[in-house]
Every structure is written in C-alpha cells, then in structure tokens.
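**Student:** the amino acid sequence is not available; the structure is as follows:
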C-alpha cells in the first residue's frame, strides 16, 4: 500500500523529467547545427563571445542561486583563464582543449583564493571583498598586458600580435561557434550534475542556514570551497573560449565594472533559471551588437540594463527567463482551456 | 545515554549553564524550564554549536569534545529547530537524502530508507513536494524524518509543538512517542507545553538559571514545589 502511493508520483515525475530532458537535448542539437548557418561574420563573432559569456554568467548564477553568495570577481577570473589559456597555447603549442582546461584550472585556483573570505562572510561584505579582488585582478592584468605570442612567462612580443590557435576541428568562425556552443553545453551538464546530486543538496542546506547544514552533517567549508573552485573553473573556461574566439585578448577588457555588469545581467536574465545565463549573455553581447546594427549607439544598452535590473529586482525575481517560463505556462493553460471547451 | 558532567557555559559574563551535571538514561526525556533557563544552550552544547567553558558531555560513553560539529550528525546526534529549518528548494524526499549524504547507513538502498522515514511521519504522498510548498506541520514532520535516518543515537527537539493546532499536536505526540521504537534513538524534548511533555516523556529534567532544579519521573519532577515556584514565581515559605 505504502509502496504504491510512493512509487506512483515518483514514476510520473520521472517520465516527465526524461521527456523534458530529451526535448532540451534535441533543442540543443538543433541550435548547434542550425544557428551558425544563419549568421553572417559579424553575428558569428558576436555569438561566439555570447557563448563564452554565457559560461561566465553560469558561474555567477552557480554561486548566487545555489549558495546565495555574491561574487563580483567572476569577470576578472575570466581574464585569468584567458591569460593562462593564451600563454599555454602560445608558449607550448598545445591543443586548444589543453589550453582551455589549463585556463579553467588556473582560474579555479585564483577563484579559491577569492572564495576564502566567503568562509566567514556573506552578503554585502562578501560582495565588496570580491569586488576588490576584481579590482586587483584588473590592475594586475592591465599592468602586465596579455600574452601575445612572445617568449617568457608574460609572453610579450615587440612585433605584431599572434593569434591564438583554434582547435584544429574548428578553425573557421562557423565551426568555432559550434565548438563554443558544445563547450557551453558541457559546462551546463557539469553544473546540472552537481546540482542534482550530493553537492547540490549540500549547497541547498548551506543556503537555508548554516546551523541547518551543520546539524545535518554538511561540511560547510569543503562545499563552499568546492563551489568557488567550480565557479572559477567555469569563468576560466569562458576566458579560454573568448580568447580562442577573438584570437587575442586586451588587457583593458577586464575592468572590475564588467564583473558588476555580469552579475547584474545574470540577475536580469534569471539566476535561478537554467536559461538565465543564456539571456544574460545575449543581453551582454548580442543586444549592443543589435543596437549597432540599427546604427544606434551601443552604449544605450547600459541604460537599458539599469532599467532592466530595477525591473528584475522589483517585479521579477526570477528574471527574464522566469518571465518567459511564466508566459509559456500561461499559454499552455490557455491552450488546455481552449481544448477543454472544444470537447462536448 | 546522555551524561552531562559539571558543564558551564559563559556568554561574556552571563552563565548560560552553571556547573550542570545530569545523567539521562531514559529513551524519552523532557527538558523544561522558564525562559533563559539554558534549555537551548544545553542542546547547542550537545550539537557542538556552543563550546562549553568547562565540563564534559558524553553520549553512550563517548566524549563529544573530540567530535567536530559537522561530524556529530554522522556520530548520531540530530536535532530539530525552534524555527524549522526545512530546505525550501528541495523536495521532502531530497531533504532526507541531503542528510543521508552525510551519515552512515546500514547499506539499505537510499530510496527505501527515504520511503520508510516519510512513511513514519505520514508524508509519503508528499515525497516530491518542495519544502516551500509544505505547511508548517508537514515541515516539522520533514525535520523529524530527517533526524531519524542513518542510525541516530540522540534526537533533540527544540519546541516541536510551537504554533501547531490541537489535532496537529496530537499527531506530533504520537510521532514523538514512536521515534525511539522506529530508529532506536534517545529523545531529548524541549517544550513549554506541559501536556506534551507529560504525555511523551518518561523522565524530565528541569533547569533554572543554568542549573538543575529537579530531575525524575515526569509527574514527580513537574509537581516539585521548587519547580512550581520557578514557573509561577511563588516564594516558598515553608522550608
């Protein structure tokens, strides 16, 4: 008796989840196959950057949605990842994937250092500390510049800048966009696997309350450290993808203000939603490009973002992605009701 | 068995517990006392949230000083909170799974352990309901279910009856009475509801100003003139 009542709803949701997963997987494959075909060169490059920034936004939303922690250093970590990826790629001529992982690991280690204050701080104080870290990274990066193919640790050359080697499978822009989307998908899967299993449950407990987590046996330090390392890794991979897309990175491209922008747009996009980071990345890269396309000053985007952030904070805590989902379910209700009326 | 030996807790200049000694062997023990008597402080000492200034506490003979707070759940010390701490964005089943991640089990499949704990508190039909969608009583029950999995030795409940309706209190009473039989853990129950304490606890420890005021069979302990004086503020004249 007991078992029946338990297993019935469990099976129903199981089937539902599987069907949904299959649909999402199908959509991902279609987008990866079709999207690059539809775009011209300008938009290809825009979407490559957007894919990289979606990974960075994913790292912000991981910390914010899972642990309730605000890190304003993630764009700086993206710079760290990009730097290491470039240096390793130029210096040792390794395959692109190796450079990507090295960039990710390097940013994870720096991310860990950024995350150390989080073991004792939360909320505004943590945000301020991480912002200062982002400022420190900005100073370091602009003081030393990015490696451009020379020798030595810094890899500075006096001649023209060399471009970063792309993966041999994906040299053209179209193929590289596909490659970036695949990397983005892999990052999503990594995060999803974490959230659905033991770390996700431990993070949820910590977010509920540290006494709750302690009383339930969660090793708070270990899981917080792990979250920051994972978020750092994602930001680093984003840096590598961006470096491969543009071919080089400029030291001035990683100001601390970009970290704030990334965080704000992750909130606007919807930190608690799967699609949130995608929306955030499109806002961050595609929206200004769209304005440029229409011969409107792209800087207007910043004003729109400000209004969007206010809107999100006041009326839509789940962001644009949450609103789209709400609209979708409202539509589904309407369709159902219409169908119900059609029947005698 | 809980053995409290000469435990003192100082919060700055305030004594939360004052050289408290007690041995609590019964399966269900009540812990009562006026506000500020040190009930929650004692629970926090056992949980490891508060380190005693002096003295030792032992559970089943093991000194707790050597067990770090986050390891105590695995050792077998569990608790529910005065302000319930159910995770809102996990389902009832996942709330229990989150504890099973960190405690030893008998090797039985997790799904079965979770199903049994949910069945014990009567939440089988709400296994997949998110914490935020559960009502106050169900949340209490999820907290209790969380405490019963993974071979607990001691379950401490901090005012589980607060804010419950009459019929819910009665169901809570049944659940509390059955916990020991269900998972073998000793229960330490803090509550202001004397009916609940009388109905469930074999013995009761009464605290006042961080010290033991009385200990013994529940009815006798609650009838103690000193206890009545502490609660009602009557000064005893004949002594």
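**Tutor:** That came through, no problem. Just so you know, these numbers come straight off a predicted model, no measurement behind them.

**Student:** all contacts plus neighbour counts: C-alpha atoms, from now on.
**Tutor:** Fine.

**Student:** which helices and strands does the longest helix along chain B pack with?
**Tutor:** For chain B, the helix with the greatest residue count under DSSP state H is helix B:166-183. Contacts defined by 3 or more C-alpha pairs under 8 Å, 6 or more residues apart in numbering or on different chains; DSSP states H and E place helix B:166-183 against helix B:110-121, helix B:136-148, strand B:186-190, helix B:194-200.

**Student:** past the longest one, which element shows up next along the chain?
**Tutor:** Downstream of helix B:136-148, the next assigned helix or strand under DSSP states H and E is strand B:154-158.

**Student:** what does that next one rub up against?
**Tutor:** The set of residues external to strand B:154-158 that reach it, using C-alpha atoms under 8 Å, 6 or more residues apart in numbering or on different chains, is B:40, B:43, B:76-82, B:147-148, B:185-191.

**Student:** of the residues you listed, which are in range of chain A?
**Tutor:** Contacts with chain A within these, counted by C-alpha under 8 Å from any C-alpha of the partner chain: B:78, B:79.

**Student:** which of the contacts of strand B:154-158 are buried?
**Tutor:** Using 16 or more other C-alpha atoms under 10 Å in any protein chain shown as the burial test, the contacts of strand B:154-158 include B:40, B:43, B:76-82, B:147-148, B:185-191 as buried.

**Student:** can you list contacts of stretch B:42-51?
**Tutor:** By C-alpha under 8 Å, 6+ apart, stretch B:42-51 touches A:211, A:215, B:9, B:17, B:41, B:52, B:57, B:64, B:68-69, B:72, B:77-79, B:156, B:158.

**Student:** just give me the closest of these to residue B:206.
**Tutor:** residue B:17 (12.6 Å; C-alpha to C-alpha).

**Student:** next, the closest one: secondary structure please.
**Tutor:** strand (DSSP: H, G, I helix; E, B strand; the rest coil).

**Student:** apart from its neighbours in sequence, what residue is nearest it?
**Tutor:** Leaving aside its sequence neighbours, residue B:17 sits nearest to residue B:210 (C-alpha to C-alpha, 6 or more residues apart in numbering or on different chains; 3.8 Å).

**Student:** list the residues that contact the residue lying closest to residue B:148 once chain neighbours are set aside.
**Tutor:** Among residues not flanking residue B:148 along the chain, residue B:183 sits closest, at 6.1 Å (C-alpha to C-alpha, 6+ apart). Shown in contact with residue B:183 (C-alpha under 8 Å, 6+ apart): B:148, B:149, B:151, B:152.

**Student:** correct me, but the last one touches residue B:184?
**Tutor:** It refers to residue B:152. Yes - counting by C-alpha atoms under 8 Å, residue B:152 touches residue B:184, with 7.4 Å between them.

**Student:** so the two - more neighbours on which side?
**Tutor:** residue B:152 (23 against 16; other C-alpha atoms under 10 Å in any protein chain shown).

**Student:** quick one: contacts for that one?
**Tutor:** B:73, B:74, B:75, B:76, B:77, B:78, B:183, B:184, B:185.

**Student:** same check, this time on residue A:164
**Tutor:** A:86, A:89, A:90, A:243, A:244, A:247, A:248.

**Student:** any low-confidence regions in chain A?
**Tutor:** A:1-17, A:150-153, A:158-160, A:341-344 (pLDDT under 70).

**Student:** helices of that one, start to end?
**Tutor:** Counting by DSSP H, the helices of chain A are A:2-38, A:41-61, A:74-92, A:96-115, A:123-144, A:173-196, A:198-208, A:210-215, A:220-246, A:256-269, A:276-281, A:287-293, A:300-315, A:319-342.

**Student:** just name the most buried of these.
**Tutor:** helix A:74-92 (a mean of 29; mean count of other C-alpha atoms under 10 Å in any protein chain shown).

**Student:** same list (the helices and strands packed on helix B:166-183) but as JSON lines, adding mean pLDDT.
**Tutor:** Conversion of the helices and strands packed on helix B:166-183 to JSON lines gives the following (pLDDT from 0 to 100):
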{"stretch": "helix B:110-121", "mean pLDDT": "94"}
{"stretch": "helix B:136-148", "mean pLDDT": "94"}
{"stretch": "strand B:186-190", "mean pLDDT": "94"}
{"stretch": "helix B:194-200", "mean pLDDT": "90"}
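
**Student:** now the ones you listed in a markdown table, with distance to residue A:31?
**Tutor:** Below are those laid out as a markdown table (distance: least, C-alpha to C-alpha, whole Å):
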| stretch | distance to residue A:31 |
| --- | --- |
| helix B:110-121 | 37 |
| helix B:136-148 | 42 |
| strand B:186-190 | 57 |
| helix B:194-200 | 61 |
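
**Student:** of these, which is nearest residue A:329?
**Tutor:** So among the helices and strands packed on helix B:166-183, helix B:136-148 is nearest, using C-alpha to C-alpha, at 27.7 Å.

**Student:** how about residue 94: what's its closest non-neighbour residue?
**Tutor:** Using chain A. Residue A:94's closest residue in space is residue A:88 (C-alpha to C-alpha, 6+ apart), at 6.9 Å.

**Student:** look at chain B instead
**Tutor:** That would be residue A:201: by C-alpha to C-alpha, 6+ apart, it lies 7.4 Å from residue B:94.

**Student:** for that neighbour, what are its contacts?
**Tutor:** Residue A:201 touches A:195, B:90, B:94, B:95, B:97, B:98, counting by C-alpha under 8 Å, 6+ apart.

**Student:** measure how buried residue 95 is and give me the count.
**Tutor:** Picked chain A for this. Neighbours of residue A:95 (other C-alpha under 10 Å): 14.

**Student:** chain B is the one I meant
**Tutor:** Neighbour number of residue B:95 under other C-alpha under 10 Å is 27.

**Student:** ok, residue A:121 next?
**Tutor:** 14.
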